[in-house]
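In: got a predicted model here, sequence first, then my questions.
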Amino acid sequence: MTPHNRTRRLERLLVPPRTLTLLAALILLWLIPETARADRKIFAYTYPYGTLPQGGLELEHYLDATFDEVDDPGTDDVEESLLRPSWTHQMEIEIGLTDRLDLGFYNVARQKAFESFEYRGVKLRTRYRFGEEGDFLLDPAVYLEAAYFGDEIELEQRTILAKRFGAVEASLNLKFEQEFKLKADKTEFELLFLPSFGLGYHVSEHVALAGEYLGRMKVEHGEIDYFAHYLGPVVSVASRSFWWTIGVHPELNAVQARPDVLARSVFALMF
């Protein structure tokens with residue numbers, strides 16, 4: 001093969017510069033976040049003010065891990081360890097019904113420490129935001145949810161108050177939850193108050209860092225049974241077609257009935 005033929009063959013194997021430029025432009029376009037379409041959450045547990053616009057669609061996966069001292073029932077010795085978390089998976093399909101109202105449907109499964117994986121049930125939720133961002137001193141929204149787990153029914157009401165100051169984002173959630181545990185001979189009722197607050201900073205369009213507080217107060221027979229407090233860091237990354245948020249929250253006060261550490265990953269694909 002002559003040197004000229006070898007050169008022409010090599011040119012055919014190489015990607016033309018214009019094609020490389022086009023590929024680079026497409027990759028860059030994919031990496032640019034499309035915030036107008038996305039219901040991006042930069043906090044792990046605290047919901048933001050924004051909703052999906054009409055016709056918007058997201059697929060979200062929630063992975064929750066609770067770390068607590070758990071004994072292996074398969075052994076005679078007491079082997080309490082934080083290295084065996086309990087896992088909960090929630091797969092949500094979220095759609096924008098209007099520019100201010102969205103709807104989400106969940107399938108829920110879990111695996112407790114030293115137990116087998118099991119399907120739990122379904123959840124349905126809706127969220128509505130009032131006005132447009134900046135119309136009020138704090139941007140308000142409301143959130144309602146119902147869950148059915150076979151032996152348990154849960155109802156949730158949440159008020160969302162949020163504000164964005166340039167690259168700084170803050171959100172406060174006041175969440176109430178009623179749990180009805182369906183026993184063979186009776187129905188047990190639990191009332192929970194679960195406030196949360198997140199304060200975050202958008203380092204760039206792709207990265208946000210935050211701190212988040214979680215509270216969990218159980219009321220039983222008209223009295224407070226416990227009030228657990230959690231605080232931890234959150235990291236969120238985003239592109240044009242997905243966002244991913246991870247938070248780890250250690251317990252601030254030692255409440256025996258609650259896990260020592262809560263962790264959550266939320267991964268969303270936007271369509």
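Out: Nice, thanks for sending it over. Quantities reported herein were computed from a predicted structural model and do not represent experimental measurements.
In: alpha carbons only for contacts and neighbour counts from here, please
Out: Fine.
In: phi, psi for residue 136 please.
Out: The phi/psi pair for residue 136 (degrees, to the nearest 10) reads phi -120, psi 170.
In: an error on my part: the question was meant for residue 241.
Out: Taking degrees, to the nearest 10, you get phi -120, psi 0 for the backbone angles of residue 241.
In: measure the nearest residue to it once chain neighbours are set aside to residue 182 for me?
Out: For residue 241, the nearest residue in space outside its immediate sequence neighbours is residue 270; the separation is 5.1 Å by CA to CA, 6 or more residues apart in numbering. Between residue 270 and residue 182 the computed distance is 37 Å (CA to CA, to the nearest Å).
In: of the two, who's got more company?
Out: Using other CA atoms under 10 Å as the criterion, residue 270 and residue 182 rank with residue 270 on top: 19 against 15.
In: is that one bridged to anything, and to what?
Out: Judged by DSSP bridges, the bridge partners of residue 270 are residue 58.
In: so what pLDDT did it get?
Out: According to the per-residue confidence, residue 270 scores 89 in pLDDT.
In: look up how far residue 242 lies from it.
Out: Between residue 270 and residue 242 the distance, using CA to CA, works out to 6 Å.
In: cool, and residue 113?
Out: With the distance defined as CA to CA, residue 113 ends up 30 Å from residue 242.
In: again, but for residue 201
Out: Using CA to CA, we find residue 201 at a distance of 19 Å from residue 242.
In: go on, residue 266?
Out: Applying CA to CA, the value for residue 266 to residue 242 is 11 Å.
In: tell me where the stretch 101-250 of the chain has strands.
Out: Under the criterion DSSP state E, counting those that start in this stretch, strands of the stretch 101-250 of the chain are mapped to 101-111, 118-129, 139-148, 152-165, 168-182, 187-202, 207-220, 223-238, 242-250.
In: export the third one as CSV, just CAs?
Out: Same thing as strand 139-148. Coordinates of the C-alpha atoms in strand 139-148 are reproduced here as CSV (Å, rounded to 0.1, in the frame of the first residue of the first chain):
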residue,chain,number,x,y,z
ASP,A,139,-43.6,31.4,47.9
PRO,A,140,-46.3,29.0,49.1
ALA,A,141,-47.5,25.6,48.0
VAL,A,142,-49.5,22.7,49.4
TYR,A,143,-48.9,19.0,49.2
LEU,A,144,-51.4,16.1,49.8
GLU,A,145,-50.6,12.4,49.8
ALA,A,146,-52.3,9.1,50.5
ALA,A,147,-50.6,5.7,50.8
TYR,A,148,-52.0,2.1,51.0
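In: next, the angle strand 168-182 makes with it.
Out: With axes from the mean of the first three to the mean of the last three CA atoms, to 10 degrees applied, the angle from strand 139-148 to strand 168-182 works out at 30 degrees.
In: partners of strand 139-148 in the sheet?
Out: Strand pairing for strand 139-148, using DSSP bridges, gives strand 118-129 (antiparallel), strand 152-165 (antiparallel).
In: with the shortest one instead?
Out: Each strand pairing with strand 242-250, determined using DSSP bridges, is listed with its direction: strand 223-238 (antiparallel), strand 261-270 (antiparallel).
In: pull the last one out as CSV, backbone CA atoms only.
Out: Read it as strand 261-270. Backbone C-alpha positions of strand 261-270 (Å, rounded to 0.1, in the frame of the first residue of the first chain) are rendered in CSV as follows:
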residue,chain,number,x,y,z
VAL,A,261,-28.7,8.1,60.8
LEU,A,262,-31.1,8.8,57.9
ALA,A,263,-29.8,8.8,54.3
ARG,A,264,-31.6,9.4,51.0
SER,A,265,-30.8,9.4,47.3
VAL,A,266,-33.2,10.9,44.8
PHE,A,267,-32.5,10.3,41.1
ALA,A,268,-34.8,11.8,38.5
LEU,A,269,-35.0,11.5,34.7
MET,A,270,-36.8,14.3,32.8
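In: kindly report the domain assignment for this structure.
Out: With domains defined by automatic domain parsing, the chain comprises 1-31, 34-270.
In: what distance do you get for the residue nearest to residue 241 to residue 39?
Out: Look at residue 270 and residue 39: by CA to CA, they are 9 Å apart.
In: how about residue 111?
Out: In this structure, residue 111 and residue 39 are 28 Å apart, going by CA to CA.
In: looking at the strands paired with strand 139-148, spot the one closest to residue 43.
Out: Put simply, out of the strands paired with strand 139-148 the one that sits nearest residue 43 is strand 152-165, at 12.1 Å, with distance taken as CA to CA.
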